[in-house]
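>>> the following block contains a protein sequence and its predicted model.
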Amino acid sequence: LKNIREDYPGAVELFERILEIEPREPTTLVNFALLLQHTFDEPERAAGMFERALALDPAETSDEERLSLLYNYGQLLESARNNSVAAEDCYRQALEISADDA
């Protein structure tokens with residue numbers, strides 16, 4: 001929707017409705033976080049979405065979902081919170097997942 005009509009407020013409403021129905025859907029949480037971070041410049045609200053996704057049992061997420069989550073949350077930690085130590089931890093976790101696939 002947001003790409004077709006650039007209806008970003010409408011996209012927020014859709015994400016919120018989806019998360020009411022399926023609050024533990026990692027891809028939705030990550031995509032909503034990215035929208036909040038990059039379109040609305042709301043890094044703290046975005047961080048909340050990333051943290052909700054991180055709190056999920058890893059068995060509930062695919063490796064691809066976990067990689068995306070860790071990489072994007074690491075970027076937020078580094079850029080918006082200036083926390084390179086926490087960002088590095090995210091990147092290390094992502095590398096461990098990648099190493100398992102090799």
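Looks like it arrived, so ask away.

>>> helices of this structure, start to end?
2-5, 8-21, 26-38, 43-54, 63-79, 84-101 (DSSP state H).

>>> residues making contact with stretch 73-92?
33, 37, 43-44, 46-47, 50-51, 54, 70-71, 94 (CB atoms under 8 Å, 6 or more residues apart in numbering). For glycine as for every other residue, the C-beta is placed from the backbone atoms N, C-alpha and C.

>>> return the members of these classed as buried.
33, 37, 43, 46-47, 50, 54, 70, 94 (16 or more other CB atoms under 10 Å).

>>> among the residues you listed, which pair sits farthest apart?
Farthest apart among these by CB to CB are 43 and 94. That separation is 19.5 Å.

>>> ok so, going back, residue 6: which of the contacts of stretch 73-92 is nearest?
residue 37 (17.1 Å).

>>> contacting residues for the residue most central in space within the chain?
By CA atoms, centre = their mean, the chain has its centre lying nearest to residue 30, at 2.7 Å. Listed by CB under 8 Å, 6+ apart, the contact set of residue 30 reads 49-50, 53, 65, 68-69, 72.

>>> where does the prediction get shaky in this protein?
Applying pLDDT under 70 to the chain flags residues 1-4, 100-102.

>>> and if we set it to 90?
Where the chain drops to pLDDT under 90, the residues are 1-7, 58-60, 98-102.

>>> that older thread, between which two of the contacts of stretch 73-92 is the distance greatest?
It's 44 and 94 that sit farthest apart of the contacts of stretch 73-92, by CB to CB, at 22.2 Å.
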